[in-house]
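Chemist: just a sequence and a predicted model for now, questions to come.
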Amino acid sequence: MSVIAADMLAGTAADRLDAGAYPRLSTDFLNRFSEALMLIEMVGMDETILADLKAWQSVGYREHFATSALRCAASALAAYDDLNPNRARAFDEACHAMTRLVRTVTALLAETPPPAELPVIIEVAGEALRRQIARATQFINANGTIDIGVFDDTALQAQIDALLAR
C-alpha cells in the first residue's frame with residue numbers, strides 16, 4: 001500500500017493550527033535518527049566523528065517529547081496516546097529497528113583495523129536508515145493513520161545481518 005502522507009492530513013487547516021483541538025504527531029523525534037545518519041556518513045571522511053556516533057543515544061517517542069521544550073510537545077504526546085495500539089507498537093518496532101541498525105553499523109565502524117569495505121558499509125547502512133526514516137516520516141505526517149505494518153523489518157534485519165557477516 002502506497003500512501004502519500006500529505007494526502008492523509010486530517011482535519012481542516014484551522015484544526016491543524018490549533019494543536020489542542022487536533023493533536024498531531026511530530027517529526028521532530030526523527031531528528032535524532034537523522035543525526036545518526038549524518039554521523040555514519042561523515043565517519044568515512046573523518047574517523048574522529050566515530051566518538052560522536054558511539055555517544056549517540058536512542059530514546060523513544062514518548063521520552064523525547066516528555067523532556068522537550070517544543071511548543072508542540074504536548075500535542076505530539078496526546079497524538080501518540082491516541083494512536084491505534086497496533087499502529088503505535090508497529091511504529092515503536094520500526095524505531096527499534098533503526099536503533100539496531102545504528103548500533104550495528106557503529107560496531108562495524110569501530111573495528112580495528114577498519115574494515116576494507118568501510119565505504120560499502122557506510123553506503124548500505126546509510127541507504128537503509130534513510131529509507132526507514134522516510135517511512136517513519138510518512139507515518140508521522142499522516143498522523144498515524146497509515147499502517148506502518150507494511151514496514152519490512154525482515155528486509156532491514158537481513159541487511160543488518162549481511163553487515164555483521166563481513
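Modeler: Thanks, I have it. Source: prediction; values computed, not measured.
Chemist: so what's the nearest residue in space to residue 34 that is not next to it in sequence up against?
Modeler: Once flanking residues are discounted, residue 34 sits nearest to residue 133: 6.3 Å by CB to CB, 6 or more residues apart in numbering. For glycine as for every other residue, the C-beta is placed from the backbone atoms N, C-alpha and C. With contact set as CB atoms under 8 Å, 6 or more residues apart in numbering, residue 133 has these partners: 30, 33, 34, 37, 98.
Chemist: okay, buried residues for the helix or strand encompassing residue 133 please.
Modeler: Per DSSP states H and E, residue 133 falls inside helix 118-141. Judged by neighbour count (16 or more other CB atoms under 10 Å), helix 118-141 contains these buried residues: 118, 121-122, 124-126, 128-129, 131-133, 135-136, 138-141.
Chemist: then stretch 82-89?
Modeler: Going by neighbour count (16+ other CB under 10 Å), the buried part of stretch 82-89 is 83, 87, 88.
Chemist: again, but for stretch 104-120
Modeler: 104, 105, 106, 108, 109, 118.
Chemist: residue furthest from the geometric center of the chain?
Modeler: residue 113 (29.3 Å; CA atoms, centre = their mean).
Chemist: so, low pLDDT: which residues of the chain?
Modeler: Residues of the chain that meet the criterion pLDDT under 70 lie in 1-21, 149-164, 166.
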